[in-house]
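> The following comprises the amino acid sequence and a computationally predicted model.
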Amino acid sequence: MTSTSWQPNSNEILSATLIVTSAISFIIYWFVAQSEKIKARFFSKYPFDVACRKHIFFTKYVGFFVLGIFPLFIYLIGFGNTGPKDLGLQFNPATTWYSLFWIMALSLIAAPLAFISARKEENLRNYPQIRSKEWTDRTFVINLLGWALYLFGYELLFRGTLLFPLVKTIGIWPAIAINIALYAATHIPKGLAETIGAIPLGFVLCVLTIESETIWIAFLVHVVLAWTNSLTALAYHPEIGYQRWKKNR
């Protein structure tokens with residue numbers, strides 16, 4: 001029987017802390033976002049359409065802090081001596097054109113795919129997330145801002161706090177594998193198609209993030225994908241309408 005050392009080194013402590021913190025963060029976010037008690041408070045206080053808008057923006061706001069800021073805080077407090085550059089929160093002049101190329105290329109691929117899938121019945125059951133029967137300009141803007149806020153926190157976690165430190169401590173491929181596994185797992189509640197799709201997308205975004213040394217490719221492409229999906233779903237949803245579009249018909 002070989003001897004096993006239970007004494008962790010600094011790299012093992014960092015890796016384990018970030019992985020567990022990421023899992024805990026998503027668990028907290030998910031059960032807050034899905035809480036029927038929290039949702040009921042909004043619907044008891046506001047008319048249906050307003051409650052839908054406020055509740056979803058609340059979940060996006062919570063996601064930004066719980067997924068993005070909380071793990072970042074744990075990392076900075078526990079493992080200090082780091083800066084924005086170490087987590088991909090920089091504008092890297094050396095990779096600017098590389099980043100712009102991939103943002104445009106992936107957006108041109110992702111947007112049409114989102115447009116096609118957004119019209120499917122399975123997708124319309126989940127999107128747009130704001131289920132107000134009549135969207136106003138305010139609802140429209142909040143939908144866009146809410147997604148951007150949430151996805152910044154989301155990508156700060158997956159392509160920032162969870163990726164760059166692990167690349168340094170356990171290596172590129174184990175870090176990418178862990179990232180993809182957790183990233184795909186967070187999509188399970190959204191169905192089989194999104195869960196499977198998260199695997200190749202997660203791999204591509206991790207590689208591009210490491211190569212560009214920033215999270216901006218992943219963040220902006222994800223925003224384009226979410227905006228296209230939600231607005232296309234809005235256009236084709238039989239039970240949801242947008243006042244501005246109706247006036248222009």
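That came in fine, so what should we check first?
> Going by C-alpha atoms from here, please, whenever you check contacts or count neighbours.
Fine.
> Now do the strands in this structure.
134-135, 241-242 (DSSP state E).
> any chance of these in CSV, plus mean neighbour count, mean pLDDT and distance to Arg119?
Formatted as CSV, the strands of the chain follow (neighbours: other C-alpha atoms under 10 Å; pLDDT from 0 to 100; distance: least, C-alpha to C-alpha, whole Å):
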stretch, mean neighbour count, mean pLDDT, distance to Arg119
strand 134-135, 17, 94, 18
strand 241-242, 18, 86, 15
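> any chance of those in CSV, with distance to Ser99 too?
CSV is the format used below for the strands of the chain (distance: least, C-alpha to C-alpha, whole Å):
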stretch, distance to Ser99
strand 134-135, 34
strand 241-242, 34
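> who are the neighbours in contact with Pro84?
Contacts for Pro84 (C-alpha atoms under 8 Å, 6 or more residues apart in numbering) come out as Gln90.
> Which pLDDT value does the model give it?
The model reports Pro84 with a pLDDT of 75.
> same deal with Glu122?
77.
> Just give the number of residues close to it.
If you count neighbours by other C-alpha atoms under 10 Å, Glu122 ends up with 13.
> got it, and Pro47?
Per other C-alpha under 10 Å, the neighbour tally for Pro47 reads 11.
> What about the nearest residue to Ala148 once chain neighbours are set aside, how many residues nearby?
Excluding the flanking residues, the one nearest Ala148 by C-alpha to C-alpha, 6 or more residues apart in numbering is Val223, at 6.0 Å. Val223 has 21 neighbours, counted by other C-alpha under 10 Å.
> what's the answer for Ser22, then?
23.
> I'd assumed Leu67 was in contact with it.
Yes: in this structure Ser22 lies within contact range of Leu67 using C-alpha atoms under 8 Å: 7.4 Å.
> what's Tyr154 in contact with, if anything?
63-64, 67-68.
> And for Ile240?
Per C-alpha under 8 Å, 6+ apart, neighbours of Ile240: 131-135, 234.
> Mind putting those residues into JSON lines with distance to Ala40?
Compiled in JSON lines, the contacts of Ile240 are given as follows (distance: C-alpha to C-alpha, whole Å):
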{"residue": "Arg131", "distance to Ala40": "14"}
{"residue": "Ser132", "distance to Ala40": "15"}
{"residue": "Lys133", "distance to Ala40": "18"}
{"residue": "Glu134", "distance to Ala40": "20"}
{"residue": "Trp135", "distance to Ala40": "20"}
{"residue": "Leu234", "distance to Ala40": "24"}
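> quick one, helices of the protein?
When assigned using DSSP state H, the helices of the chain occupy the ranges 10-33, 36-45, 48-63, 70-79, 96-118, 121-124, 137-156, 164-170, 172-185, 192-212, 216-236, 243-248.
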